[in-house]
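> for reference, the sequence and a predicted model appear below.
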Amino acid sequence: MTSSSSATRVRFAPSPTGFLHVGGARTALFSWLFARHTGGTFILRIEDTDFERSSADMVTGILEGMRWLGMDWDEGPFYQSQRLDLYTRTANTLIESGHAYHCFCSREELEARRASATEAGSVPRYDGRCRAISRAEAQGRMAQGDSAVVRFMVPREGVTTFQDAVFGAMEFANAELEDFVLLRSDGIPTYHLSVVADDLDMRMTHIIRGADHLSNTPKQVLLYQALGASLPIFAHLPLILGPDKTRLSKRHGATSVMAYKDMGIVPEAFRNFLALLGWSPGEAAKQDDGRDREIFSTDELIQMFSLDGIAHSNAVFNNEKLAWYNTEYIRAYEPCRLLPLIEEEWLAVNFQPTRSREEILAAIALLQPRARSLKDFASTFLAYFGDEFSMDDAAAKKFLPEAAVRQMLAELGGRYASLENFTEVSTEELLRAYATEKGIKAGALINGARVALTGQAVAPSLFAVMAYLGKPTVVRRLVAAAELTVP
Ligand code: GLU
């Protein structure tokens with residue numbers, strides 16, 4: 001790592017007009033991984049100059065999402081709404097240097113001109129007529145109370161170019177760009193002005209953001225040039241599409257990051273999944289069998305991340321893949337690492353375990369190979385952590401429909417009560433001997449006992465479950481089977 005690369009400064013700059021969505025989180029993640037990989041600084045900046053659409057709740061939600069995904073920032077959060085002076089100063093600098101001017105065209109005039117351009121079949125673009133107003137005249141008109149916006153004077157000819165770290169050499173004809181607004185008549189900056197003023201002021205070295213901003217970049221490049229500043233490195237990220245190859249939207253399911261938390265996704269699994277949405281570690285991640293590795297710890301992601309690995313083509317968000325990551329992470333975690341995540345789920349459903357920590361950890365170990373979501377631990381697995389659990393009706397109907405079987409289970413419970421050495425082996429021996437004695441298939445008792453003990457039709461090996469639950473609980477739940485009313 002060279003000393004210049006350790007001075008990287010990258011930001012995530014969300015607009016709090018909505019939740020932290022999947023695309024935003026991926027942008028944040030790539031920026032964060034890049035900052036961490038290069039030993040640089042990661043800055044969080046809230047772009048809240050759209051006062052009508054921004055809200056404090058959305059800011060809270062964004063910060064919550066960042067924290068959930070473990071993306072810590074070194075500076076900020078800075079709020080653009082508190083930095084308006086900088087934007088006015090920057091606009092003034094541009095006016096003074098002849099790169100920007102006041103425009104007095106009213107909204108109605110602009111709309112009328114736009115409509116007639118569209119009617120004539122041409123692309124509506126501001127024609128630059130207020131360029132002709134001298135600065136002195138403009139000052140005079142404003143002193144009289146005329147309202148004006150500040151527009152940037154886009155060169156009428158030539159091209160604006162930049163090198164994108166993902167998309168390569170980009171070139172835009174200036175004639176295609178209009179004299180865009182920098183400052184509205186109420187003094188509020190537009191995105192182009194505030195983003196460039198801040199990126200310069202905060203000394204950003206790299207701008208990593210979605211490819212939807214590619215077409216904004218030439219305007220921003222012109223601003224950098226007009227301000228006599230050198231360009232940061234731009235890296236635009238390919239879009240994220242739904243499985244039907246259209247842009248990811250609510251139609252495809254949840255788009256807010258916190259909705260995935262609410263689905264019981266392990267944050268690290270989500271982060272691993274997001275990291276590979278449009279980035280690949282390349283050859284370094286080939287397994288011995290030639291297949292691509294897909295599971296990477298956060299440290300590995302940080303170590304391997306590079307802008308070179310960002311794909312040019314759009315990424316597809318695949319829910320099954322995310323579910324696969326989640327099961328892999330749940331399986332691989334040490335139970336004690338899973339426990340705090342499970343405790344959050346318990347809190348959410350107001351459940352208090354009655355088992356000891358050791359027992360809980362043992363139950364997690366027993367259950368984690370079967371879990372698909374953290375939610376399972378606070379729903380179908382509750383019987384392992386306390387006595388408050390509900391019986392799955394379908395399971396009861398299927399395996400406990402006969403009163404005779406329920407009666408036998410209760411009787412079996414009585415036999416277990418006097419079993420001295422209550423283990424996986426002895427509980428199985430006793431059940432099988434009891435089935436033979438009663439002339440019933442052991443399988444019928446096993447299936448029934450599973451439902452009576454766990455409330456579910458599927459569970460880990462029944463006798464492992466018995467050994468885990470322990471004699472008193474097993475006896476109590478089996479005896480209670482006699483009282484069950486099965487619909
Ligand atoms: N606030 C902009 C957004 O949320 C940031 C764009 C940028 O990174 O320049 O899209």
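Sure, I can see it.
> residue contacts, the residue of the stretch 151-300 of the chain found nearest the ligand?
Closest contact between the stretch 151-300 of the chain and the ligand, by Cβ to the nearest ligand atom, is at R209 (3.6 Å). From N, CA and C alone the C-beta is placed, and that goes for glycine too. When contacts are counted by Cβ atoms under 8 Å, 6 or more residues apart in numbering, R209 touches A13, T27, A235, H236, L237.
> for L374, same thing?
Counting by Cβ under 8 Å, 6+ apart, L374 has contacts G264, I265, V266, I330, L338, L341, I342, E344, E345.
> within reach of the ligand, which of the contacts of R209 are there?
The residues of the contacts of R209 that also fall near the ligand, by Cβ under 6 Å from any ligand atom, are A13.
> who wins on neighbours among the contacts of R209?
Tallying neighbours with other Cβ atoms under 10 Å puts L237 at the head of the contacts of R209, with 27 neighbours.
> so of the contacts of L374, which ones are in helices?
I330, L338, L341, I342, E344, E345 (DSSP state H).
> look at the nearest residue to the first one once chain neighbours are set aside and report its pLDDT.
What it means is I330. Leaving aside its chain neighbours, I330 sits nearest to A371 (4.8 Å; criterion: Cβ to Cβ, 6 or more residues apart in numbering). At A371, the model reports a pLDDT of 97.
> now swap in P77 and tell me
98.
> check the one 4 residues further on too.
According to the per-residue confidence, S81 scores 97 in pLDDT.
> ok but it is inside a strand, no?
No: going by DSSP: H, G, I helix; E, B strand; the rest coil, the assignment for S81 is helix, not a strand.
> list the buried residues of the helix or strand harbouring the residue of the stretch 151-300 of the chain closest to the ligand.
Here R209 is covered by strand 206-210, with elements defined by DSSP states H and E. Of all the residues in strand 206-210, those buried under the rule 16 or more other Cβ atoms under 10 Å are H206, I207, I208, R209, G210.
> list the contacts for the first one?
By that I understand H206. H206 sits in contact with T8, R9, V10, S31, F34, A165, P232, I233, F234, A235, L307, where contact means Cβ under 8 Å, 6+ apart.
> now intersect those residues with the strands, please.
Among the contacts of H206, the members found in strands (DSSP state E) are R9, V10, I233, F234, A235.
> check whether the second one really touches I208, as I assumed.
Right, the one you point to is V10. Yes: applying Cβ atoms under 8 Å, one finds V10 in contact with I208, separated by 5.9 Å.
> find the residues that touch each one of the two.
In terms of Cβ under 8 Å, 6+ apart, V10 and I208 are both contacted by the residues S31, F34.
> burial of the residue nearest to I330, as a residue count?
Using other Cβ under 10 Å, A371 has 21 neighbouring residues.
> SS state for R151?
Going by three-state DSSP: R151 is strand.
> next: the one 10 residues further on.
At T161, secondary structure determined by three-state DSSP is strand.
> so what's M66 up against?
Contact analysis of M66 by Cβ under 8 Å, 6+ apart lists F12, L20, A28, L44, D72, W73.
> how close does the nearest residue to A28 once chain neighbours are set aside get to M408?
Distance criterion Cβ to Cβ, 6+ apart; nearest residue to A28, sequence neighbours excluded, is F12 at 4.1 Å. According to Cβ to Cβ, to the nearest Å, F12 and M408 sit 62 Å apart.
> ok so, going back, filter the ones in helices among the contacts of L374 to the buried ones?
Neighbour counting by 16+ other Cβ under 10 Å classes I330, L338, L341, I342, E345 among the ones in helices among the contacts of L374 as buried.
> now the last one: how far from the ligand?
Taking Cβ to the nearest ligand atom, to the nearest Å as the criterion, E345 is separated from the ligand by 31 Å.
> ok, the residue nearest to that residue when sequence neighbours are not counted - contacts?
Of all residues not flanking E345 in the chain, A378 sits nearest, at 3.8 Å (Cβ to Cβ, 6+ apart). By Cβ under 8 Å, 6+ apart, the contact set of A378 is I342, E345, W346, A348, V349, F351.
> the same query, at a cut-off of 10 Å, please.
By Cβ atoms under 10 Å, 6 or more residues apart in numbering, the residues touching A378 are G264, I342, E343, E344, E345, W346, L347, A348, V349, N350, F351, F385.
> for PyMOL, what selects the buried ones among these?
A single PyMOL command selects the buried members of these (16+ other Cβ under 10 Å):
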select buried, resi 264+342+345+346+351+385
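> on that earlier part again, can you redo the contacts of H206 as CSV with pLDDT?
Below are the contacts of H206 laid out as CSV (pLDDT from 0 to 100):
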residue, pLDDT
T8, 98
R9, 98
V10, 98
S31, 98
F34, 98
A165, 98
P232, 98
I233, 98
F234, 98
A235, 98
L307, 97
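> name only those of those that count as buried.
By 16+ other Cβ under 10 Å, the contacts of H206 give T8, R9, V10, S31, F34, A165, P232, I233, F234, A235, L307 as buried.
> what parts of this protein come near the ligand?
Near the ligand, when you scan the chain using Cβ under 6 Å from any ligand atom, you find A13, P14, S15, E47, V195, R209, H213.
> give me the pLDDT for the first one.
It stands for A13. Listed pLDDT for A13 reads 98.
> OK, contacts around it?
24, 27-28, 31, 43-47, 76, 78, 80, 191, 194-195, 198-199, 202, 204, 207, 209.
> would you mind checking these for buried ones?
Applying 16+ other Cβ under 10 Å to the contacts of A13 flags 24, 27-28, 31, 43-47, 78, 80, 191, 194-195, 198-199, 202, 204, 207, 209 as buried.
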